[in-house]
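>>> here are the coordinates; sequence isn't available:
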């Protein structure tokens, strides 16, 4: 059956993904093609780790399969796999998984790499999307809420994402979009990625990274914009630019303030085939 093949292909692509947590969020936001079935691949420049001022390229696979005569679908956006369970126009709800990469010896920063490794793993949760469409369905507003909790015992916390995206059809072959969002992170997540203490310092000295406790709160605010060009009825090219500003305890962390940059940029380009 087609949907079983889709699940299998999604698992393979998810396993091949080698990005980090920042790339996970970028590519999920880049899931912008309004088509029942689409497959594609992209590449993005993203921070080495969240809060880093070094950048690296990562692959961005995406895939969507919509069941016949239904609104239900299975969707892979990079390392994020979701299933819409509702057969209701303009309302989407279901479970999701997100793979997040590690922060380890492969990063460029000479001090942060001395810290104890943060392992890669899986976060599980659910999403809810409400879509406001005009007469032309390519003119729309998407409002999405996601809850994701770590299930791999790497950071033992959870994230709540909210994003709003405005779409406009410029002409028959062009769509543009602009969006904004924010992420709330609990104390376990914040302490893992932004805290510095004797338990996670590794071989970094207190002079290199002073002690710091990061509490729960708003982790970031972000904006993004992009476009899709439809070459014909099947092929498309797209791209986006995203700016994310770390705030609160994330911004003030020595991992960011001393060694990185609270201003996080990402650029992605992708090609897809829809039918």
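Received, thanks. Quick caveat, the model's predicted, so the values are computed rather than measured.

>>> low-confidence ranges in this protein?
Scanning the chain for pLDDT under 70 picks out 1-34.

>>> can you show me the helices along this structure?
Ranges of helices within the chain are 2-16, 21-29, 187-194, 248-252, 254-257, based on DSSP state H.

>>> and the third one, what does it pack against?
Yep, that's helix 187-194 we're talking about. Here helix 187-194 touches strand 158-171, strand 217-230, helix 248-252, helix 254-257, going by 3 or more C-beta pairs under 8 Å, 6 or more residues apart in numbering; DSSP states H and E. Just so you know, the C-beta spots here come from the backbone N, C-alpha and C atoms, and that holds for glycine as well.

>>> tell me the angle of that helix relative to strand 217-230?
70 degrees (axes from the mean of the first three to the mean of the last three C-alpha atoms, to 10 degrees).

>>> now do helix 187-194 against strand 158-171, angle only.
Interaxial angle, helix 187-194 versus strand 158-171 (the same axes, to 10 degrees): 70 degrees.

>>> run through who's touching stretch 186-202.
Contacts to stretch 186-202, defined as C-beta atoms under 8 Å, 6 or more residues apart in numbering, come from residues 21, 49-51, 103, 114-116, 118, 150, 154-159, 204, 209-217, 219, 249-250, 253-256.

>>> could you do stretch 233-241 as well?
So stretch 233-241 is in contact with 29-30, 32-33, 40, 42, 177, 224-231, 265-275, going by C-beta under 8 Å, 6+ apart.

>>> now the helices and strands packed on helix 187-194 in JSON lines, with distance to residue 70 and mean neighbour count?
Below are these laid out as JSON lines (distance: least, C-beta to C-beta, whole Å; neighbours: other C-beta atoms under 10 Å):
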{"stretch": "strand 158-171", "distance to residue 70": "22", "mean neighbour count": "17"}
{"stretch": "strand 217-230", "distance to residue 70": "24", "mean neighbour count": "18"}
{"stretch": "helix 248-252", "distance to residue 70": "40", "mean neighbour count": "19"}
{"stretch": "helix 254-257", "distance to residue 70": "44", "mean neighbour count": "22"}
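
>>> for these, which one sits closest to residue 72?
strand 158-171 (21.4 Å; C-beta to C-beta).

>>> give the pairing partners of that closest one; include direction for each.
Using DSSP bridges, strand 158-171 pairs in its sheet with strand 140-150 (antiparallel), strand 174-185 (antiparallel).

>>> which one of the ones you listed lies nearest to residue 55?
Of all the strands paired with strand 158-171, it is strand 174-185 that lies closest to residue 55, at 20.0 Å by C-beta to C-beta.

>>> and the contacts of stretch 186-202, which of them are buried?
By neighbour count, with 16 or more other C-beta atoms under 10 Å, the contacts of stretch 186-202 hold 21, 49-51, 103, 115, 118, 150, 154-155, 157-159, 204, 209, 212, 214, 216, 219, 249-250, 253-256 as buried.

>>> quick check: which of the helices and strands packed on helix 187-194 is nearest to residue 123?
Evaluated over the helices and strands packed on helix 187-194, closeness to residue 123 peaks at strand 158-171, with 7.3 Å, by C-beta to C-beta.
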